[in-house]
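Colleague: Quick one, what's the 3D model for this:
(one chain, ligands or ions: 2)
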Amino acid sequence: MSRLPLLPAVLLAFSGCSTLPLESSRIPHPSSRESQAVQSPYREAVGVVHVHSTYSDGRLPIEEIAGIANAQQLDYLIITDHDTLAGKFEKKEGWYGQTLVLVGNEISTSGGHYLALRIDTEIPRLKDPAWTIEAVSAAGGLGFVAHPFWPRRHWKNLDARGMTGIEIYSAKEDVTEEPLLILGFWTILAGSELSFSRWIDRPDQHLAYWDRLLNEGRKVVGIGSPDAHGLRRFGLRLGPYSTMFKMVRTHLLLNEITEEAVYDALAKGRCFVAHDLVADAKGFQFLVAGKDKTILGVMGDELTWHPSLRLYAYLPSPGHAILLKDGRLLFERKGQQHWFEVDGPGVYRLEVTRKGKPWIYSNPIYVRPASVDNSSDPMVK
Ligand SMILES: [Zn+2]
Ligand SMILES: [Zn+2]
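Modeller: Numbers count the residues shown, from 1 in each chain. Ligands and ions are numbered 1, 2, ... in the order given. Here you go, the predicted structure:
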């Protein structure tokens, strides 16, 4: 009987299994749209936000990163190098095969990192977080707090307001360099990138922060980011772009894939975050409709409460759906298609797990009290 070499044996013990029971991310979609009572009026664009290139500390130039995104059939990719828009100024934005590449930047503030998208000018670095938020807004940009709880660059002003949103999941925080070293060995030994999905955890701290902001009655958009750098250590591909791009994606709801539409979906929160490495999340829907099944809103939309409202959730494959209202658990259900009565005004969002692993985080549907004047209601055209 052959014996395992010492290093693989150690890694097997560490991983807790001798085989990889993880399912393929290419799962068919048994839930056909035809069987759904309510249909979304949008198409879905799957992509990745928060990636570094050789314009800062990433390993590959934008052209090569875009090639990886295109090979994965991503619809969009947003490059965010540290404190530079050089990629935009040097006209690297545009279509690379079927992938639309856009360039924002990651601003180093005096209290953490802030993603600035849809901007044409570089915002000064090392300014106060609140100043930076205001500067990005004044430039007409979208701003997202990056990796708010990463110990090395955590967001120091959790009371700051005015940002478009926050990263509700950051691979940077979930898979720090030390686990990456082990995962890098494991990936090489096991020959499977799916080993990364074992590391994905529910970002409790981020979600609590998000719920606290949402409970103040404002819209705060949640995005997920791989913060991909193409990390290598000791000659090992510890955080390959290709794997990081599957680890966490932000799926957008839009009508066509253009720069304007991508940023509009991010601005409005018409999006959800998914670990597509756990299972293909394309096709997930979270909608609100009347009892007559007339659609009234999707993720990110605001509407006025009425007793006839119902929430609909469609999963692309079976999972465990958890509905939260104002950050508190309302219902938990297994299966693929669900509907729920709307339990009064509140902020409703859905989390989905699959075989015990976090899988999908919806953006909220905002149901406002009838007494509040809301000129944007309903938002679905
Ligand atoms: Zn950062
Ligand atoms: Zn970054």
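Colleague: make it CA atoms for all contacts and neighbour counts henceforth
Modeller: Noted.
Colleague: Tell me which stretches of the stretch 1-150 of the chain form helices.
Modeller: 6-15, 62-71, 86-89, 129-138 (DSSP state H, counting those that start in this stretch).
Colleague: Using neighbour counts, pick out the buried residues of the third one.
Modeller: Put plainly, it is helix 86-89. In terms of neighbour count (16 or more other C-alpha atoms under 10 Å), helix 86-89 has its buried residues at 86-88.
Colleague: just for the stretch 151-300 of the chain, where's the confidence low?
Modeller: Low-confidence segments of the stretch 151-300 of the chain (pLDDT under 70): 174-195, 234-236.
Colleague: And the helices in it?
Modeller: Using DSSP H, counting those that start in this stretch, helices in the stretch 151-300 of the chain cover 171-174, 177-190, 204-214, 241-247, 259-268.
Colleague: which one's the longest strand in the chain?
Modeller: strand 310-325 (DSSP state E).
Colleague: surely Leu77 meets Ala45?
Modeller: No: using C-alpha atoms under 8 Å, Leu77 makes no contact with Ala45, being 10.3 Å away.
Colleague: what about those two, which has more around it?
Modeller: Leu77 (28 against 22; other C-alpha atoms under 10 Å).
Colleague: circling back: among the buried residues of helix 86-89, pick out the one closest to Lys127, please.
Modeller: Ala86 (20.2 Å; C-alpha to C-alpha).
Colleague: And the closest one, how far from Phe149?
Modeller: Going from Ala86 to Phe149 by C-alpha to C-alpha, to the nearest Å gives 28 Å.
Colleague: cool, and Pro364?
Modeller: Counting by C-alpha to C-alpha, the gap from Pro364 to Phe149 is 22 Å.
Colleague: Show me which of these two is the more surrounded one.
Modeller: A count of neighbours by other C-alpha under 10 Å puts Pro364 above the other of Pro364 and Phe149, at 30 against 19.
Colleague: just checking, that one touches Met299?
Modeller: Yes: counting by C-alpha under 8 Å, Pro364 does reach Met299; the two are 5.4 Å apart.
Colleague: and Lys91, how many neighbours does it have?
Modeller: 10.
Colleague: ok, now Trp339?
Modeller: 16.
Colleague: which phi and psi does it have?
Modeller: phi -140, psi 150 (degrees, to the nearest 10).
Colleague: where's it relative to Glu216, distance?
Modeller: 26 Å.
Colleague: which residues touch the residue nearest the centre of the chain?
Modeller: Centroid check for the chain by C-alpha atoms, centre = their mean gives Gly224 as the closest residue, at 2.5 Å. The contact partners of Gly224, taken as C-alpha atoms under 8 Å, 6 or more residues apart in numbering, are 49, 167-170, 248-250, 273-274.
Colleague: Among the residues you listed, which ones are in strands?
Modeller: Per DSSP E, the contacts of Gly224 map to strands at 49, 167-170, 249-250, 273-274.
Colleague: rewinding a little: mean pLDDT lowest for which of the helices of the stretch 1-150 of the chain?
Modeller: Ranked by mean pLDDT, those bottom out at helix 6-15, with a mean of 32.
Colleague: Please look at Thr132 and Ser110 and confirm they touch.
Modeller: No: checked against C-alpha under 8 Å, the pair Thr132 and Ser110 is beyond contact range at 9.4 Å.
Colleague: Which one's more surrounded, these two?
Modeller: It is Thr132, of Thr132 and Ser110, that has more neighbours when counted by other C-alpha under 10 Å, with 24 against 17.
Colleague: which ones are touching that one?
Modeller: Counting by C-alpha under 8 Å, 6+ apart, Thr132 makes contact with 109, 114, 123.
Colleague: neighbours around the nearest residue to Glu341 once chain neighbours are set aside, how many?
Modeller: Closest residue to Glu341 apart from its sequence neighbours, by C-alpha to C-alpha, 6 or more residues apart in numbering: Arg310 at 4.7 Å. As a burial measure, Arg310 scores 20 neighbours (other C-alpha under 10 Å).
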